[in-house]
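J.: What follows is a predicted structure for the sequence shown.
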Amino acid sequence: MAHAQHPIPVTARRTGLLRGHVRVPGDKSVSHRAMIFGLLAIGETTISGLLEGEDVMRTADAARALGAIIHHDGPGAWRVRGVGVGGLREPKGTLDFGNAGTGSRLMMGVCGAHPITTIFDGDASLRKRPMRRILDPLELMGTTIVSQGEGGRVPLTLRGPREAVPIVYRTPVASAQIKSAVLLAGLAAPGETTVIETEATRDHTETMLRHFGAQLVSTPEGAHGRRIVLTGQPELQAAPIVVPADPSSAAFPLVAGLIVPGSDIVLESVMTNPLRSGLLTTLREMGADITVESEANEGGEAVATLRVRASSLRGVEVPPERAPSMIDEYPVLAVAASFATGTTRMRGLQELRVKESDRLAAVEAGLRAAGVTCAIEGDDLVVEGSGGTVAGGGTVATHLDHRIAMSFLVMGLATQAPMQVDDGAMIATSFPSFIALMNGLGADIG
């Protein structure tokens, strides 16, 4: 299976002010789940605003292989005719998820609880990512791991049980992917499947389960956690889904608007789910000028139109309990911290070590390439802000990680010398229009 691509170096140069109104693509987490629930529902689910990046398209391909009939009606508009819980057909070939960690892990939960055999694989980056955290609860539910890569990585083969076993599972780390995989597997199990998390993570799966008619109860657990109880073997009914704008993608123009002097931009209909809003909270603590111009609800998710103006930022300490609500945004937060006055300490970032790359190490290396003083201390990242002037001039190794690439391209819009990333090809996995959108605001990326 060939996954290699020719690297595409991309450079960002210091620009004048950024101005304009934009809407970033649909939320990736919700888009993956929209395809999966469309597969598991009876009837035809209509989806609008779907992110049409490579990651989500891999999940759509897997849904087709498992029996869904999928139609594309235009930009962001899709229809999915599902097979229902228990109705999956065994795929004829390997489910190749490319770079899609979310799609692969969630679909393991779906397939692992059905009486079929499925083979999962992906690109070089996905083959490095740990899957044992998903396989462990699936084995408790009756899934057989027929084969697996070293350390429980893809390529791997799952064989589901005749009937899955409901479990009570306490997640070992704060991870919406683990929680969601167990809940999706629990759909095929009789009785109640319970997930307990000590730190609440993004709740899109719970919202969508209710939206499609499942019986689910979520209650507080401890100081920051949740206990989620799902009644299994429901007949999910097709339901329309509106995918809100992705806050993780909005983070890039948002930070650019803060660090490029004179900028004033408006980001439309950004999801503001409190379990995804850690970056907004942190940037406001740093003194960011971010105002809410309007608020609404799209597909059960709170959204807001945000106005962002260039700001003088100050260093802060980011507590570890905030990590689940902004885990994908730390690279671009580190960029913002580089332009702040004073020290920013981001605490408890161990989960960044097992993303598309070791993001913690990749961010540190990228900051140093730009002339920023920084350090990794245990699981903390410490950035010494420059007070607004960053040298730049470096080339950043992206390690096939789209968020590393976009973060340092944003940085290059405000550094004294241009910033280059060694490969921008993987940006298409989550934000295919990133360069065009940013250049439309006045950036110089190419």
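T.: Now that the structure is in, tell me what you want to look at. Not measured: the values here are computed from a predicted model. Numbers count the residues shown, from 1 in each chain.
J.: all helices for this protein, in order.
T.: 28-40, 54-65, 101-112, 132-140, 176-186, 204-211, 247-259, 278-285, 330-338, 359-369, 402-412, 434-440 (DSSP state H).
J.: Adding mean neighbour count, mean pLDDT and distance to residue 157, write those helices out as TSV.
T.: Where C-beta positions appear, they are placed from N, C-alpha and C, glycine not excepted. What follows is the helices of the chain, written out as TSV (neighbours: other C-beta atoms under 10 Å; pLDDT from 0 to 100; distance: least, C-beta to C-beta, whole Å):
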stretch	mean neighbour count	mean pLDDT	distance to residue 157
helix 28-40	29	97	20
helix 54-65	23	97	15
helix 101-112	27	98	10
helix 132-140	19	97	11
helix 176-186	27	97	16
helix 204-211	22	96	25
helix 247-259	27	98	31
helix 278-285	20	98	37
helix 330-338	28	98	33
helix 359-369	22	97	29
helix 402-412	29	97	28
helix 434-440	18	98	35
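J.: Just put those in JSON lines and tack on distance to residue 316.
T.: Formatted as JSON lines, these follow (distance: least, C-beta to C-beta, whole Å):
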{"stretch": "helix 28-40", "distance to residue 316": "26"}
{"stretch": "helix 54-65", "distance to residue 316": "31"}
{"stretch": "helix 101-112", "distance to residue 316": "29"}
{"stretch": "helix 132-140", "distance to residue 316": "30"}
{"stretch": "helix 176-186", "distance to residue 316": "25"}
{"stretch": "helix 204-211", "distance to residue 316": "28"}
{"stretch": "helix 247-259", "distance to residue 316": "14"}
{"stretch": "helix 278-285", "distance to residue 316": "5"}
{"stretch": "helix 330-338", "distance to residue 316": "8"}
{"stretch": "helix 359-369", "distance to residue 316": "17"}
{"stretch": "helix 402-412", "distance to residue 316": "18"}
{"stretch": "helix 434-440", "distance to residue 316": "26"}
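J.: With respect to residue 219, which of these lies nearest?
T.: Of all these, helix 204-211 sits nearest to residue 219, with 11.5 Å by C-beta to C-beta.
J.: Give me the residues contacting that closest one.
T.: Here helix 204-211 makes contact (C-beta atoms under 8 Å, 6 or more residues apart in numbering) with 27, 29-30, 33-34, 37, 106, 176, 179-180, 183-184, 216, 218, 228, 230, 239, 241, 273, 299-301.
J.: CA atoms of that helix as CSV?
T.: Output of helix 204-211 as CSV, limited to C-alpha atoms (Å, rounded to 0.1, in the frame of the first residue of the first chain):
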residue,chain,number,x,y,z
HIS,A,204,-19.8,15.4,20.1
THR,A,205,-20.5,11.6,20.3
GLU,A,206,-23.0,12.0,23.1
THR,A,207,-24.7,14.8,21.4
MET,A,208,-25.0,12.8,18.2
LEU,A,209,-26.2,9.7,19.9
ARG,A,210,-29.1,11.6,21.4
HIS,A,211,-29.7,13.3,18.0
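J.: Contact partners for residue 424?
T.: By C-beta under 8 Å, 6+ apart, the residues touching residue 424 are 8, 9, 10, 398, 405, 409, 435.
J.: Double-check the fifth one against residue 421; I have them as touching.
T.: If I follow you right, that is residue 405. Yes. At 4.6 Å, residue 405 and residue 421 qualify as touching, with contact defined as C-beta atoms under 8 Å.
J.: Mutual contacts of the two, please.
T.: With C-beta under 8 Å, 6+ apart, residue 405 and residue 421 have common neighbours 10, 396, 398.
J.: Quick check: can you list the domain ranges of this structure?
T.: The chain breaks down by automatic domain parsing into domains covering 10-26+244-445, 28-234.
J.: Distance of residue 396 relative to residue 12?
T.: The gap separating residue 396 from residue 12 is 10 Å, by C-beta to C-beta, to the nearest Å.
J.: ditto for residue 219
T.: In terms of C-beta to C-beta, residue 219 sits 46 Å off from residue 12.
J.: Of these two, give the one with the bigger neighbour count.
T.: A side-by-side neighbour count of residue 219 and residue 12, using other C-beta atoms under 10 Å, places residue 12 first with 28 against 9.
J.: which residues does the closest residue to that one other than its chain neighbours contact?
T.: Of all residues not flanking residue 12 in the chain, residue 412 sits nearest, at 3.0 Å (C-beta to C-beta, 6 or more residues apart in numbering). For residue 412, the contacting residues are 11, 12, 13, 14, 392, 418, 419, 420, 445, by C-beta under 8 Å, 6+ apart.
J.: rerun that using 6 Å as the cut-off
T.: With C-beta atoms under 6 Å, 6 or more residues apart in numbering as the criterion, the residues that contact residue 412 are 12, 418, 419.
J.: just curious, which of those residues is nearest to residue 377?
T.: Out of those, the member with the shortest distance to residue 377 (by C-beta to C-beta) is residue 419, at 24.8 Å.
J.: measure the residue nearest to the closest one when sequence neighbours are not counted to residue 406 for me?
T.: Spatially, and ignoring its direct neighbours in sequence, residue 419 is nearest to residue 412 (3.0 Å; C-beta to C-beta, 6+ apart). To residue 406, residue 412 is 11 Å away according to C-beta to C-beta.
J.: now swap in residue 159 and tell me
T.: 38 Å.
J.: One more: residue 387?
T.: 24 Å.
J.: Residue 45 now?
T.: Distance from residue 45 to residue 406, by C-beta to C-beta: 30 Å.
J.: do residue 194 as well
T.: 37 Å.
J.: Nearest spatial neighbour of the residue lying farthest from the centre of the chain, chain-adjacent residues omitted?
T.: Here the chain reaches farthest from its C-alpha mean at residue 162, the gap being 32.1 Å by C-alpha atoms, centre = their mean. Leaving aside its chain neighbours, residue 162 sits nearest to residue 115 (5.2 Å; criterion: C-beta to C-beta, 6+ apart).
J.: how deep is the one you found tucked in, by neighbour count?
T.: 15.
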